[in-house]
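**Q** got a predicted structure here, sequence first:
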Amino acid sequence: MTAGLLFDLMMALAVLGTAAWTLAARTQFAAVIGFVATGLLLSLVWVRLGAVDVALTEAAIGAGATGVIILYVVARLRGGTAEISAATPSRAQRALAALLAVAVGGVLALAVLNLPDPAPSLAEAALAGSAPLGLGNPVSAVLMAHRGLDTLLESVVLVFAVLAVWSMAADHRWGGAPGPVFRREESGPLSLLARVLPPVGIVVGIYIAWVGADAPGGKFQGGTILAAMWILPWIAGLARPPSITDWRLRLMIAAGPLTFLCVGLAGFAVADGFLSYPPSFAKPLILLIEAAMTLSVAAALACLIAGPPERRLPPESMAADRR
Amino acid sequence: MSGTDILALAACGLVAIGLYGVVAQAEVLRKIIAFNLLGAGVFLLFGVVARRGAAAGLAADPVPQAMVITGLVVAFAATALALVLTLRLHQITGAATVAEDPPSGAAPDPASEP
Amino acid sequence: MTQLLLLAAALVLLTVLAGLWRVLRGPQRADRLMAAQLLCTGGIAALLLVAAAYGIEAIVDVALLLALLGAFTSVAFVMAARLVGSR
Amino acid sequence: MSVVIGIFSAVCVLAGAFFFLAGTVGLIRFPDTLSRVHALTKADNLGLGLIVLGLLPLASGAGVALKLVLIWALVLVGGATAAQLIGAAAAKDER
């Protein structure tokens, strides 16, 4: 048991160390790398906490996808050092902030260490609720049934985020393809990877989404892999992202929430109310929602990672616009 | 002290580090990174609570886990929006902070080139 | 066997943390770009060892996801660093 | 028979962990960026390969064994590509 304790201590120190290093890093670039390192270490901590579902999500979204989008913004910011040092709080203010942070952390620590023992748990209720749905993974059951409204709203948040990011585009770029332009690489390692990895990655992404019914995994984790595999050929310049006015892209992004909402509304007619499933038909309905959501999460995450449109329209579509 | 307690303290430490970063750093981008660290600490607290609620043969209580998964995705969406706003602010005004005094001689908007 | 696998996992993690300390220090940007790859390879090894030690197959899926996204993240980082360099 | 397999697994896993150690020693000791990239990718990928080889006999089924091999293959492809790109970035930085 002491080996496990030492392991926890090591991980805790490593996470805190990289987090502190992230704040202290001299360049923004180094700070992002520190942040990603913290995230990857955290996903190991989640495994240690017995939350494999969360470990998958943290590794995919918390570390990987967030790190990539921050780094692409860092690549385009050129901060003036004079402006930054003028805006940096004074030494006294920073000391005050440190005091505040330590106080908040201390109070939290006191609260966490004095939680009631034995801890209250919904594990039994969740397990009892997941069996009639035909789902072997209680986390998926909670996401799809008991807290279904959360998941529905979350998928709507993703759609709104895409809308908001697109609306940040400069006026004359509206209708272009999302993301910066990358030079086409006909040969070389990147073009090889962009050709070899997506076929394998798409299979793995669908597998992770599919297995989520009975084992750790699910639409968000699988969808992130699919998004990454979609973006890889864009980065290598081998494929062009679709235009943001393309109705197929928009349908893909909206398909998940729409399906979820329709099934939820149908619950009024065939089951006990909004977002409830008829018991004999629960599993197929959940699978339908999961499939549509995987597609939507993949499309929305790909658009969020790529950012607002920065590419000009291809010549042929410009001509089509003028006509 | 159990391993879960150690990780609980690490979560509190992450919250403190993130909070300090959000308050004490000037650059918007670093504030966003620090805010994500703060969020990671809060999520980890949920994980500790889930672990303490292990019952019925499960390694951890599934309800807090599901809430953290929802939270991670929403945090990503919010981060993406914050980053795009930061970038657009920088493109229009040339600023990397949200100080009261905007820098004189704002950079031209690179996105408005023909 | 379980003890041996856990010992190996701890050893791998320790070396990864030592390497991380070196990589984060830089001095070049390329040094820091190695962090994602170092943590992914080492993290995968540690996860696989822990999965075998405790017999939890789901952890293998985490390693699979790390293998895929590690490659993607490393590549995306280098391309972003190129964007920085081209300025 | 199972003793032989156990010894084989133990030797492979320990050898893999040793290569991770060697990779980190190289990472810390090597003087320039390019040789550090080299130490990281070569030694760590070999170490992971040995660990996968050692864990294969312990896998509970063909599916898990297939996943283990796939993971190693993905790390090899991804690691090789990333090493090339990082090396190119390092060479560009030095110029």
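**A** Ah, there it is. Owing to the predicted nature of the structure, the values given are computational and were not obtained by experimental measurement.
**Q** with adjacent residues omitted, what lies nearest to the residue of chain B found nearest chain D?
**A** In chain B, the residue that lies nearest chain D is B:A59 (18.2 Å; CB to the nearest CB). Where C-beta positions appear, they are placed from N, C-alpha and C, glycine not excepted. Using CB to CB, 6 or more residues apart in numbering or on different chains and skipping the chain neighbours, the partner closest in space to B:A59 is A:G50 (2.9 Å).
**Q** so how far is A:E154 from the residue nearest the centre of chain A?
**A** In chain A, the residue lying closest to the centroid (CA atoms, centre = their mean) is A:I61, at 3.6 Å. A:I61 sits at a distance of 12 Å from A:E154 (criterion: CB to CB, to the nearest Å).
**Q** who touches both of those two?
**A** Residues touching both A:I61 and A:E154 (CB atoms under 8 Å, 6 or more residues apart in numbering or on different chains) are B:V73.
**Q** in what helix or strand does whatever residue of chain C ends up closest to chain D lie?
**A** Chain D sits closest to C:A71 of chain C, with a gap of 2.5 Å, by CB to the nearest CB. C:A71 is part of helix C:58-86 when elements are defined by DSSP states H and E.
**Q** report the buried residues of that helix.
**A** Residues of helix C:58-86 classed as buried: C:58-82, C:84 (neighbour count, 16 or more other CB atoms under 10 Å in any protein chain shown).
**Q** anything in it near chain A?
**A** Yes: judged by CB under 8 Å from any CB of the partner chain, helix C:58-86 and chain A are in contact via C:58-59, C:61-62, C:64-66, C:68-69, C:71-73, C:75-77, C:79-81, C:83-84.
**Q** in terms of secondary structure, what does the helix or strand encompassing B:Y20 contact?
**A** Element membership for B:Y20, per DSSP H and E: helix B:3-24. Counting contacts by 3 or more CB pairs under 8 Å, 6 or more residues apart in numbering or on different chains; DSSP states H and E, helix B:3-24 packs against helix A:2-24, helix A:28-48, helix A:91-113, helix B:28-52.
**Q** just say which of the ones you listed is most tucked in.
**A** helix A:28-48 (a mean of 26; mean count of other CB atoms under 10 Å in any protein chain shown).
**Q** could you pull up the residues touching the residue nearest to D:T41 when sequence neighbours are not counted?
**A** In space, D:T41 comes closest to D:A83 once its chain neighbours are excluded; the distance is 4.1 Å by CB to CB, 6+ apart. By CB under 8 Å, 6+ apart, the contact set of D:A83 is C:Q37, D:V37, D:H38, D:L40, D:T41.
**Q** just confirm the fourth one contacts C:A36, I think it does.
**A** So that's D:L40. No: counting by CB atoms under 8 Å, C:A36 is not a contact partner of D:L40; they are 11.1 Å apart.
**Q** how far away is A:V159 from chain B?
**A** Separation of A:V159 from chain B (CB to the nearest CB, to the nearest Å): 9 Å.
**Q** low-confidence ranges, chain B, go.
**A** Residue ranges of chain B with pLDDT under 70: B:1, B:100-114.
**Q** correct me, but the residue of chain B closest to chain D touches A:D53?
**A** No: counting by CB under 8 Å, B:A59 stays clear of A:D53, with 10.5 Å between them.
**Q** the two: who's more crowded?
**A** Just comparing B:A59 and A:D53: by other CB atoms under 10 Å in any protein chain shown the higher neighbour count belongs to A:D53, 29 against 16.
**Q** just to revisit the earlier point, which of the three states applies to the residue of chain B closest to chain D?
**A** coil (DSSP: H, G, I helix; E, B strand; the rest coil).
**Q** got a list of what the spatially most central residue of chain B touches?
**A** Taking CA atoms, centre = their mean as the criterion, B:N36 is the residue nearest the geometric centre of chain B, at 1.4 Å. Counting by CB under 8 Å, 6+ apart, B:N36 touches A:F35, A:G62, A:T66, B:G18, B:A75, B:T79.
**Q** could you do B:V42 as well?
**A** Applying CB under 8 Å, 6+ apart, the residues contacting B:V42 are B:A11, B:V15, B:G71.
**Q** quick one: stretch A:209-221 to chain centroid distance?
**A** 14 Å (CA atoms, centre = their mean, to the nearest Å).
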